[in-house]
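Visitor: what's the 3D shape of this:
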Amino acid sequence: MPSAGLSAERQRIDTFLDALWLEKNLGENTLTAYRQDLLQVAAALAEWDLTLTTADDGALARILGQRLQSGAALRSVVRLLSSVRRFYGYAEREGWVSRDPSRNLQSPRIGRVLPHVLSETEIEALLAAPDCTHPLGLRDAAMLELMYACGLRVSELVNLETRQVDLSADMVVVFGKGRKERLVPMGEVAAGRVTQYLQMGRPQILGQRISAALFVTGRGAAMTRQRFWQNIERYARSAGITQTVSPHSLRHAFATHLLNHGADLRSVQLMLGHAALSTTEIYTHVAQARLKALHAKHHPRG
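Guide: Predicted coordinates:
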């Protein structure tokens with residue numbers, strides 16, 4: 001496709017994403033994923049001298065089929081189709097296309113994959129891994145405790161500012177997907193770790209520098225998702241945890257351990273910031289699987 005054609009495609013995509021941001025207030029990561037998906041589709045269509053506004057359902061189906069045959073993860077193909085459908089819904093409303101070519105496309109079925117959840121013993125070992133005799137260790141301990149205590153997404157954790165933490169009430173104001181605000185209790189242990197970090201860790205790390213970020217690096221900048229991920233992997237190894245551990249592992253553990261100890265699903269949904277209860281329900285399956293395993297192991301007729 002000539003460069004002018006590609007430029008026109010990018011302009012349509014940007015117009016769609018601007019409208020999506022205004023209507024749904026989606027986060028930057030979500031919008032970036034939509035852009036990447038649509039640019040990939042536009043590039044594939046260009047090989048057949050088609051554009052997003054001239055494509056038919058046959059061309060779109062071929063693209064999805066090719067992605068599956070190339071070994072792409074099923075979830076990524078489902079997400080690609082979701083991006084395409086959303087784009088064409090907007091394109092049809094705007095009159096860019098006379099009919100939505102994605103309307104009759106069938107989505108590949110995804111089986112429900114239960115996340116592997118760290119045990120409470122493994123969580124205790126992970127939380128005890130940072131060296132709290134050093135400022136950076138105090139920071140990391142506070143981050144781990146807060147993430148597990150509140151079930152935060154990693155982006156929510158690293159984007160926290162000091163003003164969002166109310167230590168007098170042991171509460172955190174969290175801005176989730178779409179900048180939706182929720183209030184989450186942190187508990188006494190996490191509040192104590194955060195207090196210790198604010199008193200004896202953060203001032204030493206920052207020195208004379210000023211930052212609104214709650215968790216800062218040795219350079220005085222806000223902690224990044226990538227750096228925190230690396231830290232968790234390092235602490236998991238030192239804690240003797242052999243399975244793969246990511247920041248999301250703490251969020252999975254938060255939800256599952258709450259349900260194991262009798263929390264109701266609706267409360268867990270609110271604390272996680274899930275828009276739909278069905279998203280939270282996967283943790284009931286994890287909890288049930290855990291209870292069945294315990295029964296089989298410890299009951300004389302298990």
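
Visitor: Chain neighbours aside, what residue packs nearest to the residue nearest the centre of the chain?
Guide: In the chain, the residue lying closest to the centroid (Cα atoms, centre = their mean) is R153, at 5.5 Å. Sequence neighbours aside, R251 is the residue nearest to R153 in space, at 6.5 Å (criterion: Cβ to Cβ, 6 or more residues apart in numbering). The way it works is simple: take the backbone N, C-alpha and C, and place the C-beta from them, glycine included.

Visitor: In contact with L126, which residues are there?
Guide: By Cβ atoms under 8 Å, 6 or more residues apart in numbering, L126 lies in contact with L118, L144, I232, Y235, A236, A239, I241, V245.

Visitor: before we move on, what SS does the first one have?
Guide: Right, the one you point to is L118. Under DSSP: H, G, I helix; E, B strand; the rest coil, the three-state class of L118 is coil.

Visitor: how near is it to L250?
Guide: Distance, L118 to L250, using Cβ to Cβ, to the nearest Å: 8 Å.

Visitor: cool, and R225?
Guide: 13 Å.

Visitor: Who has more neighbours out of these two?
Guide: Per other Cβ atoms under 10 Å, whichever of R225 and L250 has more neighbours is L250, with 26 against 15.

Visitor: residue contacts, that one?
Guide: L118, I123, L144, M147, Y148, G151, I232.

Visitor: Could you measure from the residue lying closest to the fifth one once chain neighbours are set aside over to T121?
Guide: When you say that, I think you mean Y148. Nearest non-adjacent residue to Y148, counting by Cβ to Cβ, 6+ apart: L250, 4.7 Å away. In this view, L250 and T121 are 15 Å apart by Cβ to Cβ.

Visitor: Need the contact partners of the helix or strand where S82 lies.
Guide: Secondary structure from DSSP states H and E places S82 in helix 74-94. For helix 74-94, contacts defined as Cβ under 8 Å, 6+ apart pick out 12-13, 16, 19-20, 33-34, 37-38, 40-41, 52-53, 60, 64, 67-68, 97-103, 105, 107-108, 110.

Visitor: And the helices in the protein?
Guide: In the chain, the helices defined using DSSP state H lie at 3-24, 28-46, 57-69, 74-94, 120-127, 135-150, 154-158, 187-200, 202-206, 225-238, 247-260, 265-272, 277-280, 282-298.

Visitor: Give me the contacts around the third one.
Guide: Here helix 57-69 makes contact (Cβ under 8 Å, 6+ apart) with 41, 44-45, 48, 50, 74, 76-77, 80-81, 84, 101-105, 108.

Visitor: How about the second one?
Guide: The contact list for helix 28-46 (Cβ under 8 Å, 6+ apart) reads 1, 5-6, 9-10, 13-14, 16-17, 20-21, 51-52, 54-55, 59-60, 63, 66, 79-80, 83-84, 86-87, 155, 177.

Visitor: which stretches of the stretch 101-250 of the chain have low pLDDT?
Guide: Along the stretch 101-250 of the chain, segments meeting pLDDT under 70 span 108-115.

Visitor: go with 90
Guide: In the predicted model, the stretch 101-250 of the chain carries pLDDT under 90 at residues 103-119, 151, 153, 174-185, 187, 218, 220, 242-250.

Visitor: List the buried residues of stretch 250-261.
Guide: L250, R251, H252, A253, F254, A255, T256, H257, L258, L259, N260 (16 or more other Cβ atoms under 10 Å).

Visitor: Pick the one among these closest to M171.
Guide: Using Cβ to Cβ, F254 comes nearest to M171 of those, at 15.7 Å.

Visitor: Not counting sequence-adjacent ones, nearest residue to that closest one?
Guide: Spatial nearest neighbour of F254, excluding adjacent residues (Cβ to Cβ, 6+ apart): G151 at 3.5 Å.

Visitor: From what I see, that neighbour and P185 are in contact.
Guide: No: G151 is beyond contact range of P185, at 10.6 Å (criterion: Cβ atoms under 8 Å).

Visitor: Show me the common contact partners of those two, please.
Guide: Common neighbours of G151 and P185 (Cβ under 8 Å, 6+ apart) are M271.

Visitor: Between the two, tell me which one has more neighbours.
Guide: G151 (21 against 14).

Visitor: so what's the more buried one up against?
Guide: Counted by Cβ under 8 Å, 6+ apart, G151 has contacts V184, L250, R251, F254, A255, L258, V268, M271, L272.

Visitor: Now do the domain split for the chain, please.
Guide: 3-94, 120-298 (automatic domain parsing).

Visitor: So for the first one, mean pLDDT?
Guide: For domain 3-94, the per-residue pLDDT values average out at 86.
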